[in-house]
Every structure is written in structure tokens, then in C-alpha cells.
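K.L.:
I'd like to go over a predicted model; first the sequence, then the structure.
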Amino acid sequence: MRNLYILLTALLLISCAEQENNTENISELLANCPSITGKTEYLNSPMVTAGDRLYMVGHQDGSFPELGWHIKDEMGGIWNHPIKLMDGFDVELLKDEQVIKLDSATQFVNYPWGNKHTYAFAKANLEITRTHFVPDGQQGIVIQYELKNTATSSQNLQLKFTGHADLRPTWLGEQTAMIDAQDKATYDPTTEKWIVKDENNPWFVTFGANQSPIRQAEIKSTYKGLGTSGSIVYDMNVDGNTSQTIQFVIAGSYISEADAVETYETIQEKSYAFAKAKKERYAQLANQSKLTIPDKEIEQAYEWLKYNSDWLIRDVPEIGRGITAGIPDYPWWFGVDSEYALKGYMAIG
């Protein structure tokens, strides 16, 4: 009986390990989608990963600089209107004594419903892609890293993900008694994710991955404001000429911790289904109307203006749903300003 128990336990552990390494690769869904590859000279300029509840603004090189002027240097990062969740995140690969920072992508590709950054490290025999999208109707974002080992021998790597939380109100929030306070971070060892709360408000952000980490630590934030940072480190052992994928989810709420945690769990569980649904919705949007003319650049601009318009939709259940004036500095309803912003937004999109 004891031997049978040991055997069943071993089989269960093997099954769990296989599940952890069997991440459905969202980048495969992007393969046959319309896309625009960014020019190298624009890598140091903004990009957006859009959703109707949450959106993320960073740079095309994969970094998260402080940018914006409505709230000076605070309009980038991850927003869940009417609050900001994070200033951004950093990822490093630890290989032996070497630290490889993923903050300088060599290529950025924009899709109607997601984005992809590519990092190339020929000397380390590594090719890495970062893919992300925001599920429709969800206060969270999916971020996948695929690590491809181009060497014939295996590589023992560690991936360090550092999330920079900054729970704060949007522009003019102080006029409606939304007063920012110090953020407090707690690591939940049971669910293996960070949970961060604004000390004086029911504002939360939580983040983690779909596999077990080997260590974690709270870190003083390098960004302005009252935020805090938390790191999580994962083993990523990649056999020769193969790849490994790890999936992160960042979710938030301006209502309660339970709301943020429920969103996190839902997205981790249903990320691939959410991605397929969003891909199908954008395909329907593209087919609603078409322009076919000799000038293919104008034809493409017509198609992508439809996508851009959808990126600007904000849905705040307590307030309403509508198109906003622009990103990153105008994520609010401003009437005719939305038309002005949309015409000038193609450079970011």
C-alpha cells in the first residue's frame, strides 16, 4: 500500500511538472494576423497594449521610461482607469555569473490585438520574444516570454521578473478625494504571487507566473511616487535547440483584493481562450468594411484606423463606456478631442 502511495504521488508530481511547462503559446495566434513591424529608429518611442478595461504604455524597445505631462512622468505603465497599477516591469536572465537585461529589444511588431518584442543575444545562444495582450473586459494583462536556446547543449537559466507597482489616482483624481498613499507589498506563498495595496485605499495589483518560483524579494522602487517593487525568480532550464515559455499575469482592482485575485486567476486559467476570442473579434472588425484602392499605404491606414479606434475605448462600469481622447495623456472622455487625437495617433500605433 505504501509503495502504491509513493507511485501515485510521483505520477502526480510528474503531471504537475508537465502542466507547468505546457504553456499555450499566444504568439502562434498572431502568426497570420495583420501586423506592422516598427522601424529601428523608432524603438525609443511609445507603444500601447490596449484593452477596454486596462492598457499598458511603454517603449517599443521593451522598456518603461517615465513619460507624460498631465501627471508629469506618470502616464506610462499599466492603467486600470481611474487608477494606475504599475510603472512597468523589468526582466533579467541570470546565466552563470552573467546578467542579461531584457530592456533593449531589437525588433517590435504591432498587431491589432497584441504586441511582440524580440531580443537577440547571439553570444549567449539565446533568442527571446515577449508577447502580450489585454483580454476584453478584464482588468489584467497576459505577458509571455519564450526563451529559445540556439545552442546544441542545454542551458540552465534563471528568469527574474520585477514588477514596479504604483497604485495612484488618475489626473485630477485628488479633486474627488482620491488621495495617493504609500503602497504595501505582500508575497502570498500559497498562490505564489505578489499582492500590492495602497495603504489608505482599496486599490490593488497582483502579479505572478504560471510556474513555481525559487525565491522572491521586495525592492525599493526606482520610479517616482509612492510605489514599491517586488521580484520573483524562476528556473528556466532549456534543452539544446528547444524553447521554454513562461506566462505572467498582472491584474488589478480599484474595488477590492478579492476582485483583483479573481481576475488574476481567471486570466491565468483562460488566457488562450481570451486570446482566440480577441483575435476573432478583431477579424470581424476588419471585415465590417474594406477599402480596396491602388494606394496600398492608404488602404492599410484605413484598416488600422479601425483598430486604433478600438484601442481608445475605455469601459469603467461605474461610469460608462466610450471612446477616449488619446493615449498616453488623454485616457478620458473628451468629446471632439477624440477625433483630433485619433488622427495623430497612428505614429504610436
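P.N.:
Alright, I've got the coordinates.
K.L.:
Give me the neighbour count for Tyr272.
P.N.:
Using other C-beta atoms under 10 Å, Tyr272 has 16 other residues around it. No exception for glycine: its C-beta is placed from N, CA and C like everyone else's.
K.L.:
Next up, identify which helix or strand the nearest residue to it once chain neighbours are set aside is on.
P.N.:
In space, Tyr272 comes closest to Glu24 once its chain neighbours are excluded; the distance is 4.1 Å by C-beta to C-beta, 6 or more residues apart in numbering. Following DSSP states H and E, there is no helix or strand that holds Glu24.
K.L.:
Tell me the spacing between Glu24 and Asn32.
P.N.:
Separation of Glu24 from Asn32 (C-beta to C-beta, to the nearest Å): 16 Å.
K.L.:
what's the answer for Asn149, then?
P.N.:
Counting by C-beta to C-beta - Asn149 and Asn32 are separated by 26 Å.
K.L.:
out of these two, which sits in the more crowded spot?
P.N.:
Under the criterion of other C-beta under 10 Å, the comparison of Asn149 against Asn32 puts Asn149 first, with 22 against 8.
K.L.:
residue ranges for the strands of the stretch 201-349 of the chain, please.
P.N.:
204-209, 215-219, 228-238, 243-253, 313-316, 320-323 (DSSP state E, counting those that start in this stretch).
K.L.:
Give me the mean pLDDT for the last one.
P.N.:
Mean per-residue pLDDT for strand 320-323: 91.
K.L.:
Can you pull out the low-pLDDT segments for this structure?
P.N.:
Along the chain, segments meeting pLDDT under 70 span 1-22, 335-349.
K.L.:
Counting residues, name the longest helix you see in it.
P.N.:
helix 257-287 (DSSP state H).
K.L.:
Buried residues in that one, which are they?
P.N.:
257, 259-261, 263-268, 271-272, 274-275, 278-279, 282, 285-286 (16 or more other C-beta atoms under 10 Å).
K.L.:
swap in stretch 221-235?
P.N.:
Ser221, Tyr223, Gly225, Leu226, Gly227, Thr228, Ser229, Gly230, Ser231, Ile232, Val233, Tyr234.
K.L.:
most residues in a single strand of the chain, which one?
P.N.:
With DSSP state E applied, the strand covering the greatest number of residues in the chain is identified as strand 155-169.
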